[in-house]
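# this one's sequence-less:
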C-alpha cells in the first residue's frame, strides 16, 4: 500500500467519524426538542418504503441516479406534522446508511459517512419544510404551500447533500472530479417534482384518512418496479454490446482495451465541452459501437501484420458500411451509428460539416490509435500524439482537440510510449516483424 | 354473412352505441355526469400505456375506477363508456392504426361488462354502499377492477388464437404482462376517486403525477426492451453482413422458432429466449471465417457462437441453448438426453427448415419431409409436429 493511499484512508476514516458524530449529535438534539412520530405503524410502513426505494435507486442516464425515496420523506414530514416531522424523517433517512454494496463488501467507513451526510442534509431540508407547514390541522387551502415548500426544501436538501459529498471526495480522493451542482439540473427538477408529490400525498393521507395509504404505496411500488426493470434491461443491453466488443478485441488482439479507452476519452472530452447527459450517453454508445463492424471483416485482414493495401482497405470499409446499415435498423442506435460512421471520415471533412460528437469520437479514436502499438507500427509518446492532433485541429475542431488534451492533462493521465527512445526501440522491432511478414 | 352487410351492421352498431349510452345515462339519473364520464373515456384513449409485452393499453380502467368511486350509479358509467369507448377506439385507430384497436376491442368492452356485473352482484350481496362505508366501497371497486383485469386478459388470449390450443397458463401470462401497467392505472384512478371529494382539483396532480412517474418508467422500459430486441437482431445479422450466411436467415429462423415455441406452449420469456437464440445461432461464423481454420463441424460452430454470446452475462441462458442446438435429439441405442433443452431443438428445426427452403431451394413440403425422416434421432418429433401445425395454419401449400 503506498504512503498516499494510507494517508487517504486515514483522512477518509477521520471524515467518516466526523460526519457520523455530527449526524449523531443532530439526532440527539432532535430527540430532545421534537416529539416521537405517531402513529408508530405509519412510521414503520413509510420507513420500509423508504429503505426499499433507496436501495433500488436506478441509473437512468450517465451517472444520474433516480429513486422515489425523496417522495416518501416528504409524505412522512406532512403526515407527522410540524412537531415530529424532523425527528420522524431524519430517523427514516438515517436508515439510508445501509447501502447494499457496503453491506456486501462489509465496509464501515462509507455507512458512517452516509449516516452523517443523510442526517445533516435531511435535517436541513426538513427544517425549512416545516416553516411551510400549518400550525394546526392541514386544510385544502394549505396545499399550495405544501407543494411549493416541499420543492424548495428539496433544493436545500440537495445542495447540502452535494456539498458534503464534494467535501468528502475532495479530501479523500482529490484526483476524482464530479459534475458541478449547477449542471445537475435534471436531477434537481426530478427531486423537486418527487418532493412536491410526496408533500401532497402526505396531505391526502391527513385529509382523507388511512384508505389512501395502500394506494400511495402501490403507486410508489409500480413506478419503482418499472424503474428497476428499466435499469436491469439497460444493463443487459450494454452488456450485450460490450460482449460483442470483446469478440472484436479477441479477433484483433492489437486493439485490446481500445474501445473502453476510446469511450473514456469521449466521456472526459464531452464532459469538458459541457455536453448534456443525454448527448454524453449517445456518445458513449457510439464509442462502444464504433468498431463492432470489424466482426464482418475477414479474420486474416484483421490480423494482418502490416498496413493494408488500397483494395483491402476498401474491402474492410465496405464490410463496415454494411454493418453500419444493419445497426442503423435499431432506432435507438441510429444516431450513434451515424456518429460512429461519420467519425471515420472526420479527417477528410471540415469541422463545420460534422456533428461535435463525431469529431470527439474521431479525436479519441485517433489519439488511442497513435498511443497504442499496432501490428504495423509502434506507439508514439503522449506529447507527439497531442502535437499530431493539433495539426488536424482545423478539421476536428480546435475546441474538441483542446478539450481532449486539456482533460487528459488535467487528470494527470499518461498514455503512449514513456519516452522517444522506447518509442524508437518498439518501432524498430515492429518494422523488423513487418518485414519478416 | 357477406362482407358488405357485415360492414353495414358493424357501422350501425358503432353508431348506435353512443345513442344507447345517452339513453342509459338518462335512466341512470344524470345525462350531464354521463357525458363527463364519456369525455373521460374518450380522453383515456388519447394516452396509451405499454404493458410488459409491449402492447398498449388505454387508460379506460383508470377512468372506470375513478367513476365508480365518484358516483353511485353504475348506469352513468355504462352510459359514459357506451359513448366514450367507440369514439376513443376510432381516435386510436386514426392515431396508431388498426392493430392498436385489436388490442383493446372487444377485450376492454367485455371486461367493463364483467366488472359492472361484479359491482351489481356485490351491491346485491352487501346491500347499500352507504351502510358499508368507504372501505366497503373500495373493496367492491377493487373486486370489479380485478374482474376487468382477468377478463380482459382472457379475451385477448382467446380471440386471436381460436384455431390453436388455448393453454390455461396463457391467460396468466397475458395477465402478468398487464400487471404493473394495470396496477398503475387502477391505483391512480382510485386515488383520484377517493380524494376528489375532499381535495377538489388538487387530486389531479395528486393522482396524475404518480401515474406520470409510473407511465414514464413503463414507457422507458418498453422502449429499452424494444431497442434491446432490435440490437440483438442487428448483431445476429453481422454474419450476413460478412457474407457468411444467406441474407435474412437469422430473422426468418427466429420468426419460425418463436412460432414453434408458442405452438408448443412455451411461456413468453421462453419464446423470447428461443427467438434470441435463433437470431444469434450463427454468430460464431465471424470467428470461423479464417482460411487457416481448414474445416470445422457444426458443433464447433455452435460452441463458438455460444462462447461469443456468453460474453454477455444477461444472455447466459441463450448461450446454453445455442451451445446445444446442433446436438442430435437422441443417438441410436440411447435414451433422449434429459439435459438437452427443448429450445435448442426448436432452433435446430427452424434453422434446418429455413436452410433447406432458401439455400437448397427445396419446397416447404419436401423440407418438412426431410425433417420427418430425421425425427426421433436428429430432430425432436414433437418439435417437427409443431412446425407442421405452424405451416398448416399459415396455409403453406402442400403441407
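Perfect, thanks for sending it. This structure is a prediction, so every number in the text was calculated from the model and none was measured.
# now what about stretch B:247-265, what contacts it?
B:164-165, B:167, B:169-170, B:233, B:236-237, B:239-240, B:270-272, B:274-282, B:342-343, B:346-347, B:349-351, B:353-355, B:358, B:382-383, B:386-387, B:389-390 (Cβ atoms under 8 Å, 6 or more residues apart in numbering or on different chains). All C-beta spots, glycine's among them, are computed from the backbone N, C-alpha and C.
# which parts of that stretch are buried?
Neighbour counts using 16 or more other Cβ atoms under 10 Å in any protein chain shown place B:249-264 of stretch B:247-265 among the buried residues.
# out of the contacts of stretch B:247-265, which are buried?
In these, burial by neighbour count holds for B:167, B:170, B:233, B:236-237, B:239-240, B:270-272, B:274-282, B:342-343, B:346-347, B:349-351, B:353-355, B:358, B:383, B:386-387, B:389-390, counting by 16+ other Cβ under 10 Å.
# just these that are near chain A?
Checked against chain A using Cβ under 8 Å from any Cβ of the partner chain, these yield the following neighbours: B:233, B:237, B:239-240.
# most widely separated two among those?
Largest separation among those by Cβ to Cβ: B:233 and B:239, giving 12.7 Å.
# for the stretch 1-150 of chain B, just list every one of the strands.
Taking DSSP state E, counting those that start in this stretch, the strands of the stretch 1-150 of chain B run over residues B:48-50, B:56-58.
# same for whichever strand or helix holds residue B:278, what does it pack against?
Under the criterion DSSP states H and E, the helix or strand holding residue B:278 is helix B:268-280. Secondary-structure packing of helix B:268-280 (3 or more Cβ pairs under 8 Å, 6 or more residues apart in numbering or on different chains; DSSP states H and E): helix B:203-236, helix B:249-263, helix B:298-309, helix B:316-324, helix B:342-358.
# okay if I get the ones you listed as a markdown table plus distance to residue A:280 and mean pLDDT?
Listed next are the helices and strands packed on helix B:268-280 as a markdown table, based on distance: least, Cβ to Cβ, whole Å; pLDDT from 0 to 100:
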| stretch | distance to residue A:280 | mean pLDDT |
| --- | --- | --- |
| helix B:203-236 | 18 | 85 |
| helix B:249-263 | 32 | 93 |
| helix B:298-309 | 29 | 88 |
| helix B:316-324 | 30 | 93 |
| helix B:342-358 | 38 | 94 |
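# so which of the ones you listed is nearest residue B:182?
Among these, the nearest to residue B:182 by Cβ to Cβ is helix B:203-236 (10.6 Å).
# angle of the single longest helix found in chain A against helix B:298-309?
Of all segments of type helix in chain A, defined using DSSP state H, the longest is helix A:212-251. Following axes from the mean of the first three to the mean of the last three Cα atoms, to 10 degrees, one obtains 120 degrees for the angle between helix A:212-251 and helix B:298-309.
# would you mind checking the average pLDDT for helix A:212-251?
Averaged across helix A:212-251, the pLDDT comes to 79.
# identify the residues contacting the following helix or strand past that helix?
Where DSSP H and E defines the elements, the next helix or strand beyond helix A:212-251 is helix A:258-272. Around helix A:258-272, the neighbours that count as contacts under Cβ under 8 Å, 6+ apart are A:62, A:179, A:245, A:248-249, A:279-280, A:283-284, A:286-288, A:290-291, A:357, A:360-361, A:363-365, A:367-369, A:372, A:400, A:403-404, A:406-408, A:411, A:415.
# and helix A:258-272, how far out from the chain middle?
Here the centre of mass of C-alpha atoms in helix A:258-272, compared against the chain's by Cα atoms, centre = their mean, to the nearest Å, lies 13 Å away.
# quick one: list the elements packing against the following helix or strand past that helix.
Next helix or strand after helix A:258-272 toward the C-terminus (DSSP H and E): helix A:277-289. With contacts defined as 3+ Cβ pairs under 8 Å, 6+ apart, the secondary structure elements packing on helix A:277-289 are strand A:58-61, helix A:212-251, helix A:258-272, helix A:334-343, helix A:356-370.
# what residue ranges in the stretch 201-350 of chain A score low on pLDDT?
Within the stretch 201-350 of chain A, the stretches falling below the threshold (pLDDT under 70) are A:220, A:254, A:302-308, A:332-333, A:335-336, A:340, A:343-350.
# ok so, going back, among the ones next to chain A among the buried ones among the contacts of stretch B:247-265, which one sits closest to residue A:380?
Taking Cβ to Cβ as the measure, residue B:239 is the one of those closest to residue A:380, at 36.1 Å.
# run a quick neighbour tally on residue A:382.
Other residues lying near residue A:382 total 20 when counted by other Cβ atoms under 10 Å in any protein chain shown.
# my guess is it meets residue A:409, correct?
No: here residue A:382 lies out of contact with residue A:409, judged by Cβ atoms under 8 Å, at a distance of 9.0 Å.
# tell me the contacts of residue 237?
I went with chain A, as the question did not name one. The contact partners of residue A:237, taken as Cβ under 8 Å, 6+ apart, are B:224, B:227-228, B:231.
# I was after chain B.
A:326, B:250-251.
# next, give phi and psi for residue A:276.
For residue A:276, the backbone dihedrals (degrees, to the nearest 10) come out as phi -70, psi 160.
# that one and chain B, how far apart?
As for residue A:276, its distance to chain B is 17 Å (criterion: Cβ to the nearest Cβ, to the nearest Å).
# how close does that residue sit to residue A:263?
Using Cβ to Cβ, to the nearest Å, residue A:276 is found at 18 Å from residue A:263.
# got it, and residue B:274?
Separation of residue B:274 from residue A:263 (Cβ to Cβ) stands at 32 Å.
# what about residue B:266, is that helix, strand or coil?
Assigned with DSSP: H, G, I helix; E, B strand; the rest coil, residue B:266 falls in the coil class.
# what residues are up against it?
With contact taken as Cβ under 8 Å, 6+ apart, residue B:266 is in contact with B:274, B:343.
# can you check residue B:13 too?
Under the contact definition (Cβ under 8 Å, 6+ apart), no residues are listed for residue B:13.
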